[in-house]
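*Asks:* Below are the sequence and a predicted model; questions follow.
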Amino acid sequence: MIDLDGTMVNTLGDFAEALNRMLADLQLPAVAPQAIENMVGKGSEHLIRSVLAHVGARNIDEMYPQAWQRYEHHYLVINGQFADVYPGVLEGLEQLKAMGLRMACLTNKPLSFAQPLLAAKGLDGFFDCVFGGDSFPRKKPDPMPLVETCKALGSMPARTLMVGDSSNDAQAAHAAGCPVVLVSYGYNHGQPISTVDATAYLDSLAQLVA
Ligand SMILES: O=C(O)COP(=O)(O)O
Ligand SMILES: [Mg+2]
């Protein structure tokens, strides 16, 4: 099970672009990409609410439905244009595929954002299934998405590796009973990844099989 944002694709540019187009529509000030980095990983609603609070919006609950509608519109237009696959990802996925392993992409991103992004970056062919933050009633760090993904893969949690970039992924994996490997270059809410308990830490997905 491989996470998407911060693990396979650096989507910070996409988030910044879609959020700033949303903020312009709402006549609110823009946000810097560095400020967004710490807010990514807990799904779109958390991200939008955090950004609205960051720019000093009032009545966030009232504004939220329109903010989400503008964000979704803009995100789907720009999806992948300001995002890059991290070095070593393609190599790592090819190595895993060559071992005959079944693979799932498991992200908190909405499924309607995740699928076209994987396709645009040429990563969709590696995965037997793709699940988003809206595929199950609860998101990571809840263990539910991992438990359900293991079922879809036909694999026991204890024999199913989660690969991610944040404490969200690790917490969900621990609770689901899955081993977890974390990459050092992702987002992790602004905290060093070494502060999060994991089976191993990698600087590149190309190191995973070794
Ligand atoms: O919070 C998001 O939208 C996505 O985050 P994830 O791909 O790291 O799960
Ligand atoms: Mg992530």
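*Replies:* Now that the structure is in, tell me what you want to look at. Numbers count the residues shown, from 1 in each chain. Ligands and ions are numbered 1, 2, ... in the order given.
*Asks:* interface residues of the protein facing ligand 1?
*Replies:* Residues of the chain found near ligand 1 (CB under 6 Å from any ligand atom) are 3, 4, 5, 6, 40, 41, 42, 43, 44, 107, 108, 109. Bear in mind the C-beta positions are built from the backbone N, C-alpha and C, glycine included.
*Asks:* Run through who's touching stretch 117-135.
*Replies:* Stretch 117-135 has contacts (CB atoms under 8 Å, 6 or more residues apart in numbering) with 2, 4, 8-9, 11, 14, 43-44, 79-80, 83, 85, 89-90, 93, 96-97, 102-115, 139-140, 145, 148-149, 152-153.
*Asks:* Select from those residues every entry located in helices.
*Replies:* Those of the contacts of stretch 117-135 mapping onto helices are 14, 44, 89-90, 93, 96-97, 111-115, 145, 148-149, 152-153, per DSSP state H.
*Asks:* shouldn't residue 44 be in contact with residue 111?
*Replies:* No. Using CB atoms under 8 Å, residue 44 makes no contact with residue 111, being 11.2 Å away.
*Asks:* So for those two, which sits in the more crowded spot?
*Replies:* Neighbour tally, residue 44 and residue 111, criterion other CB atoms under 10 Å: the higher count belongs to residue 44, 21 against 15.
*Asks:* Please name the residues that touch the more buried one.
*Replies:* Residues near residue 44 by CB under 8 Å, 6+ apart: 68, 71, 72, 109, 110, 113, 133.
*Asks:* Residue 135 belongs to a strand?
*Replies:* No. Using DSSP: H, G, I helix; E, B strand; the rest coil, the assignment for residue 135 is coil, not a strand.
*Asks:* okay, and the helix or strand of the protein with the least pLDDT?
*Replies:* helix 33-37 (a mean of 91; mean pLDDT, DSSP states H and E).
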